[in-house]
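# Quick one: sequence plus predicted model below, questions after.
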Amino acid sequence: MSVTIHDVAKRAGVSPATVSKVLNGRPGVRKATREKVLQAARELGYIPDFSARSLVTKRTRTLGFLVHARHTLSPHAFYGEVLAAAEQEARKHQYHFLFATFNQGDEAVPLTLLQEQRVEGLILAGCDIPRSLISSN
(Lines give C-alpha, C1' and ligand atoms only; values in the text may rest on other atoms or scores of the structure.)
Protein backbone atom coordinates (compact mmCIF):
# COMPACT_ATOMS: atom_id res chain seq x y z
CA MET A 1 0.00 0.00 0.00
CA SER A 2 1.33 3.46 -0.87
CA VAL A 3 2.08 6.16 1.66
CA THR A 4 -0.46 9.02 1.71
CA ILE A 5 -0.30 12.58 2.97
CA HIS A 6 -2.39 11.36 5.92
CA ASP A 7 0.44 8.97 6.86
CA VAL A 8 2.98 11.79 6.56
CA ALA A 9 0.75 14.09 8.63
CA LYS A 10 0.41 11.50 11.39
CA ARG A 11 4.19 10.91 11.49
CA ALA A 12 4.95 14.66 11.53
CA GLY A 13 2.16 15.50 13.99
CA VAL A 14 0.48 18.00 11.69
CA SER A 15 -2.68 18.19 9.60
CA PRO A 16 -2.94 16.77 6.05
CA ALA A 17 -3.53 20.36 4.88
CA THR A 18 -0.14 21.37 6.28
CA VAL A 19 1.52 18.42 4.54
CA SER A 20 -0.14 19.46 1.29
CA LYS A 21 1.13 23.03 1.68
CA VAL A 22 4.67 21.83 2.33
CA LEU A 23 4.76 19.27 -0.47
CA ASN A 24 3.35 21.78 -2.95
CA GLY A 25 5.82 24.49 -1.90
CA ARG A 26 3.15 26.89 -0.69
CA PRO A 27 3.92 29.57 1.92
CA GLY A 28 2.39 29.85 5.38
CA VAL A 29 4.27 27.03 7.14
CA ARG A 30 7.00 27.66 9.69
CA LYS A 31 10.47 26.47 8.73
CA ALA A 32 10.65 23.94 11.60
CA THR A 33 7.28 22.47 10.65
CA ARG A 34 8.25 22.35 6.97
CA GLU A 35 11.44 20.44 7.84
CA LYS A 36 9.51 18.03 10.09
CA VAL A 37 7.04 17.27 7.27
CA LEU A 38 9.79 16.78 4.69
CA GLN A 39 11.68 14.48 7.09
CA ALA A 40 8.52 12.40 7.71
CA ALA A 41 7.91 12.16 3.95
CA ARG A 42 11.49 10.96 3.39
CA GLU A 43 11.33 8.43 6.23
CA LEU A 44 8.06 6.97 4.94
CA GLY A 45 9.18 7.00 1.30
CA TYR A 46 6.28 9.23 0.26
CA ILE A 47 5.81 9.52 -3.50
CA PRO A 48 3.15 11.94 -4.82
CA ASP A 49 0.15 10.34 -6.52
CA PHE A 50 0.00 12.32 -9.75
CA SER A 51 -3.33 10.75 -10.73
CA ALA A 52 -4.97 12.00 -7.55
CA ARG A 53 -3.30 15.38 -7.88
CA SER A 54 -4.51 15.79 -11.47
CA LEU A 55 -8.10 15.10 -10.36
CA VAL A 56 -7.89 17.98 -7.90
CA THR A 57 -5.89 20.42 -10.01
CA LYS A 58 -7.43 19.45 -13.38
CA ARG A 59 -3.86 19.37 -14.75
CA THR A 60 -1.78 16.35 -15.72
CA ARG A 61 1.63 18.08 -15.77
CA THR A 62 2.33 15.85 -18.77
CA LEU A 63 3.65 16.86 -22.17
CA GLY A 64 3.45 14.75 -25.28
CA PHE A 65 6.29 14.20 -27.71
CA LEU A 66 5.08 12.89 -31.04
CA VAL A 67 7.49 11.90 -33.79
CA HIS A 68 6.87 10.27 -37.14
CA ALA A 69 7.87 6.59 -37.01
CA ARG A 70 10.29 6.97 -39.92
CA HIS A 71 12.49 9.20 -37.74
CA THR A 72 12.71 6.76 -34.84
CA LEU A 73 14.27 4.20 -37.15
CA SER A 74 16.73 6.54 -38.84
CA PRO A 75 20.47 5.97 -38.41
CA HIS A 76 21.07 9.37 -36.80
CA ALA A 77 20.09 10.19 -33.24
CA PHE A 78 18.79 13.73 -33.82
CA TYR A 79 15.26 13.16 -32.51
CA GLY A 80 16.56 11.12 -29.60
CA GLU A 81 18.74 14.05 -28.60
CA VAL A 82 15.83 16.48 -28.99
CA LEU A 83 13.61 14.22 -26.84
CA ALA A 84 16.26 13.86 -24.13
CA ALA A 85 16.85 17.63 -23.95
CA ALA A 86 13.12 18.42 -23.95
CA GLU A 87 12.44 15.86 -21.22
CA GLN A 88 15.29 17.19 -19.08
CA GLU A 89 13.92 20.73 -19.36
CA ALA A 90 10.38 19.54 -18.60
CA ARG A 91 11.55 17.78 -15.44
CA LYS A 92 13.04 21.05 -14.18
CA HIS A 93 9.45 22.35 -14.19
CA GLN A 94 7.91 19.16 -12.69
CA TYR A 95 6.44 17.96 -15.99
CA HIS A 96 6.46 14.40 -17.30
CA PHE A 97 6.62 13.13 -20.86
CA LEU A 98 4.45 10.82 -22.92
CA PHE A 99 6.33 9.66 -26.01
CA ALA A 100 4.55 8.31 -29.07
CA THR A 101 5.26 7.61 -32.71
CA PHE A 102 2.84 7.62 -35.60
CA ASN A 103 2.79 6.59 -39.23
CA GLN A 104 1.40 8.53 -42.17
CA GLY A 105 -2.38 8.43 -41.92
CA ASP A 106 -2.39 8.49 -38.10
CA GLU A 107 -2.30 12.28 -37.88
CA ALA A 108 -5.32 12.34 -35.55
CA VAL A 109 -3.20 10.82 -32.74
CA PRO A 110 -2.09 14.19 -31.30
CA LEU A 111 -5.63 15.52 -31.39
CA THR A 112 -6.89 12.46 -29.52
CA LEU A 113 -4.18 12.85 -26.86
CA LEU A 114 -5.17 16.46 -26.28
CA GLN A 115 -8.91 15.82 -26.35
CA GLU A 116 -8.56 13.08 -23.75
CA GLN A 117 -6.60 15.63 -21.66
CA ARG A 118 -3.72 13.27 -21.12
CA VAL A 119 -1.23 15.96 -22.14
CA GLU A 120 -1.14 19.70 -21.55
CA GLY A 121 1.10 20.39 -24.50
CA LEU A 122 2.47 18.53 -27.47
CA ILE A 123 5.84 18.66 -29.21
CA LEU A 124 5.60 17.55 -32.82
CA ALA A 125 8.85 16.39 -34.42
CA GLY A 126 9.23 15.49 -38.05
CA CYS A 127 5.47 15.68 -38.48
CA ASP A 128 3.25 17.07 -41.17
CA ILE A 129 0.08 17.61 -39.14
CA PRO A 130 -2.83 19.21 -41.00
CA ARG A 131 -3.72 22.62 -39.54
CA SER A 132 -7.31 21.46 -39.12
CA LEU A 133 -6.16 19.07 -36.37
CA ILE A 134 -4.39 21.78 -34.38
CA SER A 135 -6.48 24.04 -32.18
CA SER A 136 -5.70 26.53 -29.43
CA ASN A 137 -8.31 25.29 -26.95
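Yes, it's here.
# What are the buried residues along the strand or helix carrying Val82?
Here Val82, judged by DSSP states H and E, is contained in helix 78-92. For helix 78-92, the neighbour count (16 or more other CB atoms under 10 Å) marks 79, 82-83, 86-87, 90 as buried. No exception for glycine: its C-beta is placed from N, CA and C like everyone else's.
# Same question for stretch 59-71.
60, 62-68, 71.
# Let me know the closest of these to Val119.
Looking at these and their distance to Val119, the nearest is Gly64, at 3.8 Å (CB to CB).
# which strands and helices sit next to the host helix or strand of Phe65?
Per DSSP H and E, Phe65 falls inside strand 62-68. Strand 62-68 sits against helix 78-92, strand 96-102, helix 109-115, strand 121-125, with contacts defined as 3 or more CB pairs under 8 Å, 6 or more residues apart in numbering; DSSP states H and E.
# Residue ranges of each domain in the protein, please.
Following automatic domain parsing, the chain resolves into domains at 5-48, 62-133.
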